[in-house]
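Novice: Mind looking at a prediction? Sequence and model below.
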Amino acid sequence: MRILFLGQRGFNPRNALFGGSSSILAIYRQLTKQGHSPIIVAPSDTDKEESFEGGKIYYIRDTFETKAFYKNPLLLASKFVQNFNSIFKLQKIIQKEKPDIIMFQPSFLALLSLFLKPITSKSKFVFRHEDLIFSLSRVKNAGVINRILAAGLEWFLCFFSDKVLTTQQSQKEKLLEQYGLFGLTPSKITVVPYVVDMKYLSAKARAIKEKHEGQYKFMYLGGMGYRQDIPGFLSLILPVLRKRTDLKFIFVGKELDNKFSSYIKQNDLKNIEIKPPVKYSELPSLANRADFGLVILKNDKELKYSIPSKFIECMALGKPVFAYGPAGGELESVIKENDVGIFLKSASDIEQEINRLIKNRRKFSLNCRRAITESKTFKSADVFVNSCEVLLEYFNK
């Protein structure tokens with residue numbers, strides 16, 4: 001079985017961030033372990049080819065960046081034209097490697113790849129729709145035109161791929177509700193579990209001690225953009241931040257803009273620290289310095305079906321979760337179902353809920369480890385690879 005993954009811009013297996021990149025690597029390594037030869041194609045600043053752990057990585061030069069999507073539709077169009085030659089580079093790679101499955105997450109390269117479908121009849125295109133990444137709330141700040149573009153692009157990727165993979169039944173139902181009238185059918189969508197490198201993370205996890213000294217540390221790992229609205233979250237907990245010097249919030253990742261940093265300076269928040277992104281291999285040791293994992297989603301109904309990968313990784317590391325997001329969504333449901341932390345509902349509950357989290361941190365930590373191994377929602381890469389083999393049998397019928 002030959003699988004070609006279309007990575008997103010900036011993908012580097014030797015410096016992969018947690019989240020989507022680590023998910024691809026976990027599957028990639030499982031494939032090589034089973035004797036397959038996977039391929040990754042990722043946009044980059046230069047054209048390059050290299051071998052990596054039993055497989056191969058191709059970097060395709062382009063200058064397209066998703067930030068353009070939020071700024072100006074005309075800029076988006078111009079970048080599309082400038083980088084259209086990427087499709088010819090991708091075509092040569094597909095002809096050379098002859099993959100059975102071309103698997104992609106939302107990206108400019110994924111959009112281009114579907115134009116090759118008529119001339120790559122032997123390869124099947126599979127869209128990994130891990131969460132509602134095109135939810136309209138993500139681009140509200142960019143205006144109505146970009147919101148329409150987002151919905152159109154999501155439909156395009158769903159409709160023209162051979163199969164759509166979602167991680168939850170509720171996501172499948174949401175997609176059918178949105179695009180069922182536009183040709184998307186139930187048989188087109190398959191529900192598969194989330195993928196996290198559980199063995200790697202669990203092996204690195206440390207048990208939470210009964211006694212505690214110094215500040216209680218809450219750590220956020222991942223992107224800090226429109227979908228998180230971290231300044232909005234901080235404004236909600238601001239009174240507690242100023243009152244409780246025994247709490248420290250650490251944010252590790254890349255800011256989409258400087259609003260977060262500006263907010264911290266403006267409010268003179270001494271117990272908040274921002275760190276740059278780290279290598280995936282450094283994630284466990286960094287996370288082990290924290291007492292709790294921090295998971296933040298913008299409080300928007302369009303994100304009700306999202307479960308951030310950072311939440312799963314927190315659980316694999318045995319970190320009780322302090323979460324905020326849309327009420328009644330999947331994130332709140334999974335936290336309650338597995339009793340792995342708290343989901344913040346209102347400003348009036350903050351201090352009480354933090355105290356409950358601190359008091360029950362050992363119980364929550366044990367529940368995290370149990371949930372990540374027993375829950376049907378989260379699976380390791382070998383289960384995903386088995387799902388791919390079933391998909392291939394389905395395509396070959």
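Specialist: On my side now, so go ahead. What you see is a predicted model; the values in this text were computed from it and never measured.

Novice: When you work out contacts or count neighbours from here on, use the C-alpha atoms and nothing else.
Specialist: Noted.

Novice: Just confirm V164 is within a strand.
Specialist: Yes - membership of V164 in a strand is supported by DSSP: H, G, I helix; E, B strand; the rest coil.

Novice: what's around it, how many residues?
Specialist: 26 (other Cα atoms under 10 Å).

Novice: show me the contacts for it.
Specialist: Contacts for V164 (Cα atoms under 8 Å, 6 or more residues apart in numbering) come out as V126, F127, R128, H129, C158, K188, I189, T190.

Novice: Identify the spatial nearest neighbour of the second one, chain neighbours not counted.
Specialist: Looking back up the chat, that one is F127. With Cα to Cα, 6 or more residues apart in numbering as the criterion, F127 has its nearest non-adjacent residue at 4.8 Å, and that residue is V164.

Novice: ok, the one you found to Q215 distance?
Specialist: Taking Cα to Cα, to the nearest Å as the measure, V164 falls 45 Å from Q215.

Novice: Likewise for I101?
Specialist: 49 Å.

Novice: more neighbours, these two?
Specialist: I101 (22 against 15).

Novice: Please determine how far the more buried one is located from E282.
Specialist: The gap separating I101 from E282 is 31 Å, by Cα to Cα.

Novice: same thing with V390?
Specialist: From V390 to E282 the distance is 34 Å (Cα to Cα).

Novice: what about Q30, neighbour count?
Specialist: Q30 has 20 nearby residues by other Cα under 10 Å.

Novice: for the one helix or strand it maps to, packing partners?
Specialist: Remark: Q30 resides in helix 20-33, with elements defined by DSSP states H and E. Contact here means 3 or more Cα pairs under 8 Å, 6 or more residues apart in numbering; DSSP states H and E; on that basis helix 20-33 packs against strand 194-195, helix 381-396.

Novice: relative orientation of that helix and helix 381-396 in degrees?
Specialist: Angle, helix 20-33 to helix 381-396, by axes from the mean of the first three to the mean of the last three Cα atoms, to 10 degrees: 80 degrees.

Novice: Just give me the lowest mean pLDDT stretch among the helices and strands packed on helix 20-33.
Specialist: Of all these, the minimum mean pLDDT falls on strand 194-195 (a mean of 68).

Novice: circling back: partner residues bridging the residue nearest to F127?
Specialist: Under the criterion DSSP bridges, V164 forms beta bridges with F127, I189.

Novice: now it: how far from G232?
Specialist: V164 sits 33 Å away from G232, taking Cα to Cα as the criterion.

Novice: and what of T120?
Specialist: In this view, T120 and G232 are 46 Å apart by Cα to Cα.

Novice: Tell me which of the two has more neighbours.
Specialist: T120 (17 against 14).

Novice: which residues touch that one?
Specialist: I94, Q95.

Novice: Reduced to three states, what does I40 come out as?
Specialist: Using three-state DSSP, the structure places I40 in strand.

Novice: Regarding stretch 104-117, how distant is the last residue from the first?
Specialist: Start to finish, the residues bounding stretch 104-117 are 13 Å apart (Cα to Cα).

Novice: For it, what is the distance to the chain centroid?
Specialist: 18 Å (Cα atoms, centre = their mean, to the nearest Å).

Novice: what does stretch 318-337 give?
Specialist: 16 Å.

Novice: average pLDDT for it?
Specialist: On average, stretch 318-337 scores 88.

Novice: Also stretch 258-265?
Specialist: For stretch 258-265, mean pLDDT rounds to 77.
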